[in-house]
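J.: Predicted structure and sequence below. I'll ask about it afterward.
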Amino acid sequence: MAFRHGKNAVFKVDNSSASLTDISSYCDSVQLPRSIATAETTTFGVSGGAKTYVTGLSDSTLSISGKWDSALDAILAAVAGQDALLNWNYGPGGSTAGYVKFTGTAILTKFSVDSPVGDIVKFSADFQVSGPITRTTW
């Protein structure tokens, strides 16, 4: 197995000029949870008394967080509220040739800045993925 350390992760998102901007140097966490809905198909007299299901539609969100900076703020503020879908790339283990890369489109749904009195200013952003996620390599 080829395990990878999270310190090498890469995250890129559309900027206001519709090209991908690497914001990895601001991020300290990227989360890409995915789910697949199911629809119950149980009928009377089901064998074994257990429910049955069929596969439905998939769904995914994307969350990033890290250290806030005015340059990062300008990148994310420029795409907040856009009608167009944003392209993004995420390399959990880095962007070395042959490493896994996830790509897709999303809508920025939340951008938050946190200024605790005893710590560094932080940010978090949430995206709703729209359409499929593609798994390729760099």
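T.: Thanks, I have it.

J.: What ranges in the chain fall below the confidence cut-off?
T.: Within the chain, the stretches with pLDDT under 70 are 1, 16-18.

J.: So Gln82: helix, strand or coil?
T.: Three-state assignment for Gln82 (DSSP: H, G, I helix; E, B strand; the rest coil): coil.

J.: now Thr96
T.: Classified using three-state DSSP, Thr96 is coil.

J.: got a list of what the nearest residue to it once chain neighbours are set aside touches?
T.: In space, and not counting its chain neighbours, Thr96 is closest to Trp138: 6.4 Å by C-beta to C-beta, 6 or more residues apart in numbering. All C-beta spots, glycine's among them, are computed from the backbone N, C-alpha and C. By C-beta atoms under 8 Å, 6 or more residues apart in numbering, Trp138 lies in contact with Gly91, Ser95, Thr96, Ala97, Gly98, Tyr99, Lys101.

J.: What of Thr109?
T.: Residues counted as contacts of Thr109 (C-beta under 8 Å, 6+ apart) are Asp126, Phe127, Gln128.

J.: Am I right that the first one falls within a strand?
T.: So the one you mean is Asp126. Yes: looking at Asp126 with three-state DSSP, it is inside a strand.

J.: Give the burial count for it, as a bare number.
T.: Here the number of neighbours of Asp126 (other C-beta atoms under 10 Å) works out to 17.

J.: Please give me every residue in contact with the nearest residue to it once chain neighbours are set aside.
T.: Of all residues not flanking Asp126 in the chain, Lys110 sits nearest, at 4.1 Å (C-beta to C-beta, 6+ apart). With contact taken as C-beta under 8 Å, 6+ apart, Lys110 is in contact with Ser124, Ala125, Asp126.

J.: any idea which element Ile107 lies in?
T.: strand 100-114 (DSSP states H and E).

J.: Same question for Leu76.
T.: Short version, using DSSP H and E: Leu76 is in helix 70-79.

J.: which parts of that helix are buried?
T.: Judged by neighbour count using 16 or more other C-beta atoms under 10 Å, the buried positions of helix 70-79 are Leu72, Ile75, Leu76, Val79.
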